[in-house]
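[1] Here you go, sequence then predicted model.
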Amino acid sequence: MISPDNVELSLRNLSLDNTSNCSGSDNEESKILKWNLPLKDLYRLACNFYKEKSGKAIHLSYEDNLKLVAFTQQAAHGPLDPAKAPPLGMFDVIGKDRRIAWQHLGTITKLQAMEGFIDLLDRLCPLFKPTVEAIKKDREEKVRQAQAEEAHRREQLEKEKEKLVELKRIEDERNREEIQRRQLQDALNQQTYHQFKEYAEKQFPGNPEQQAVLIRQLQNEHYHQYMQQLQAQVASNYSQLRATGDNEVDFSGNQLLDQNASSKEVGQLEYKEQCDSDEESGEYAVINPANMWTKPDVKLFKQEVTSGKGDGVIRVGHGDIITVRVPTHEGGSCLFWEFATDNYDIGFGVYFEWGKPVTTEVSVHVSESDEDDDTLEDDEAVCADDLECGGQQQHKQYNNTSSSSPLANSNPISIIVPIYRRECQTEVYAGSHSYPGEGTYLLKFDNSYSLWRSKTLYYKVFYTR
């Protein structure tokens, strides 16, 4: 039996901070804490602990069990109302004892009953509070992990936003650069279109499609040469300014680009006057355009060259330029050439070096892309100037002083066919040109644009009367 003294003792141990507000709303009840946990949550943990451990980890007396059950009834239903309680059987001793224990709790509130259950269980079972502390730490750890994950997620979102902003900025910059590049290329194309068209009509008469392809290739080459000249000029200006210690100049090249674009027409007029003066001088004969055509029998042509019926087979390494030097012959009046490659295209052009040849032998010179830089730059300059003047003969001297290069000389060189890439892996490219005078033809096979692939070249050269 539960005595009133024991009930009063358990009630005196209740330590509610706000007993006057215990019957308030759920929000107010949720603010009542015990052991730094909401009272209702702690009460649920206590009930679960009591159900799981009773008779296993903890062994309570009959009187203690009656007290705990009475607290749970008071917390669930409030004070006992005998009129509403169901009748008990004559032999239900345990039921009668539980009802008496419940009745001895008097009119304490549900929250007071919850706290009384917790305090009594803590006093009877020393393992209860450490278990609650462990559960509380686990919850705090989960909350901490959730907060850390949330912070990490927000950080990732911020990084993604910053990355998207940076990508958008880069894309806008590329679009702006692409627009500027197209505007510049369109301006250059408009200036050179008529000259390139005249040249293409001479190379492919009556074939508008091939003319359009040639014009487009020449315009692209002219644009790249123009940009290389700009870069070289920017680098030169930068070196000069570093030498003079001038740090107040913008090295971005934008101002230089604008100046070059604005002065393009002046440069063209000056160079055209130079071309006209060269033609009027009459020192060299005017060079007629070359005739060029293609043949479909690539396999047969390669077999003929390989069997020794042609001049030979050359391996053009990646980044290399092959120059086949063919002197004019006393008994000839016209030069013919044919060539093809395996699998890939190659650049091809024909130059003419004025002056009496020192030998009648055909020779082959191999140079890497970074070898004879001055000579190659002069080639590009001559090529661009020649095309701008309508494909007529230009007499420009190479200033290369390298004694190791066979091309090192002081003789003027004219462009007959500008260098551009030919799809010679699918058909044989052939051509002819009438001797303009005494000199040496330079057949250039350019693989400098290829960084990885070497090309196998099959070629034939011969002259006719």
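    Arrived safely, thanks for sending.
[2] so how far is Val428 from the closest residue to Gln425 other than its chain neighbours?
    Among residues not flanking Gln425 along the chain, Thr341 sits closest, at 5.0 Å (Cβ to Cβ, 6 or more residues apart in numbering). All C-beta spots, glycine's among them, are computed from the backbone N, C-alpha and C. For Thr341, the distance to Val428 equals 10 Å [Cβ to Cβ, to the nearest Å].
[3] Please say which of these two ends up with more neighbours.
    Neighbour count, other Cβ atoms under 10 Å: between Thr341 and Val428, Thr341 has more, with 25 against 20.
[4] is the more buried one in a bridge, and if so with what?
    Note on Thr341: beta-bridge partners Leu457, judged by DSSP bridges.
[5] ok so, going back, verify the stated contact: the residue nearest to Gln425 with Lys455.
    Yes: here Thr341 reaches Lys455: they are 5.0 Å apart, a contact under Cβ atoms under 8 Å.
[6] Can you tell me what sits against stretch 80-90?
    With contact meaning Cβ atoms under 8 Å, 6 or more residues apart in numbering, stretch 80-90 is reached by 73-74, 95-96, 99, 102-103, 105.
[7] what about Ile118, distance to Ile135?
    From Ile118 to Ile135 the distance is 14 Å (Cβ to Cβ).
[8] Could you check which of the two has the larger neighbour count?
    Using other Cβ under 10 Å, the more surrounded residue of Ile118 and Ile135 is Ile118, with 24 against 16.
[9] what helix or strand is the more buried one on?
    Using DSSP states H and E, Ile118 sits within helix 110-124.
[10] quick check: angle from the helix or strand following that helix to helix 110-124?
    Of the helices and strands lying after helix 110-124 in sequence (DSSP H and E), the nearest is helix 128-203. Counting by axes from the mean of the first three to the mean of the last three Cα atoms, to 10 degrees, helix 128-203 lies at 110 degrees to helix 110-124.
[11] Tell me, how many residues neighbour Glu150?
    Glu150: 10 surrounding residues under other Cβ under 10 Å.
[12] Make residue 1 into 10 and carry on from there
    Renumbered: residue one is now 10, and that last one reads Glu159.
[13] Would you quantify the distance from it to Gln165?
    Counting by Cβ to Cβ, the gap from Glu159 to Gln165 is 11 Å.
[14] Same check on Tyr59?
    Counting by Cβ to Cβ, the gap from Tyr59 to Gln165 is 45 Å.
[15] Do a quick rundown of the helices in the chain.
    13-21, 35-39, 48-62, 71-86, 102-113, 119-133, 137-212, 217-253, 263-271, 273-290, 307-313, 382-397 (DSSP state H).
[16] Identify whichever of those lies nearest to Ile331.
    helix 382-397 (13.1 Å; Cβ to Cβ).
[17] what residue is smack in the middle of the chain?
    Leu176 (9.3 Å; Cα atoms, centre = their mean).
[18] More neighbours: which of Tyr59 and Gln165?
    The neighbour count for Tyr59 versus Gln165, taken as other Cβ under 10 Å, is higher for Tyr59 (20 against 10).
[19] which residues does the more buried one contact?
    Residues in contact with Tyr59 (Cβ under 8 Å, 6+ apart) are 77, 130.
[20] Relative to Leu133, how far out is it?
    Taking Cβ to Cβ as the measure, Tyr59 falls 10 Å from Leu133.
[21] Could you do Asp147 as well?
    For Asp147, the distance to Leu133 - Cβ to Cβ - is 24 Å.
[22] show me the contacts for Leu197.
    Going by Cβ under 8 Å, 6+ apart, Leu197 touches 228, 231-232, 235, 273.
[23] returning to that earlier point: now do the same for the residue nearest to the centre of the chain: its pLDDT.
    We have a pLDDT of 94 for Leu176.
[24] Please apply the same query to Cys343.
    Among the per-residue scores, Cys343 holds a pLDDT of 94.
[25] cool, and Ser271?
    pLDDT, Ser271: 43.
[26] correct me, but Cys134 touches Ser63?
    No: counting by Cβ under 8 Å, Cys134 sits too far from Ser63 to count as a contact (9.2 Å).
[27] follow-up on the earlier one: take the contacts of Leu197 and lay them out in CSV including neighbour count.
    Putting the contacts of Leu197 into CSV (neighbours: other Cβ atoms under 10 Å) gives the following:
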residue, neighbour count
Gln228, 19
His231, 23
Tyr232, 17
Tyr235, 20
Lys273, 15
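[28] Among those residues, which pair sits farthest apart?
    Taking Cβ to Cβ as the measure, those span a maximum distance of 14.4 Å, between Gln228 and Lys273.
[29] Report back the residue of this protein that's furthest from centre.
    Relative to the mean C-alpha coordinate of the chain, counting by Cα atoms, centre = their mean, the farthest residue is Met99 (88.0 Å).
[30] can you list the weak-confidence ranges in the stretch 10-159 of the chain?
    Counting by pLDDT under 70, the stretch 10-159 of the chain has low-confidence residues at 10-40.
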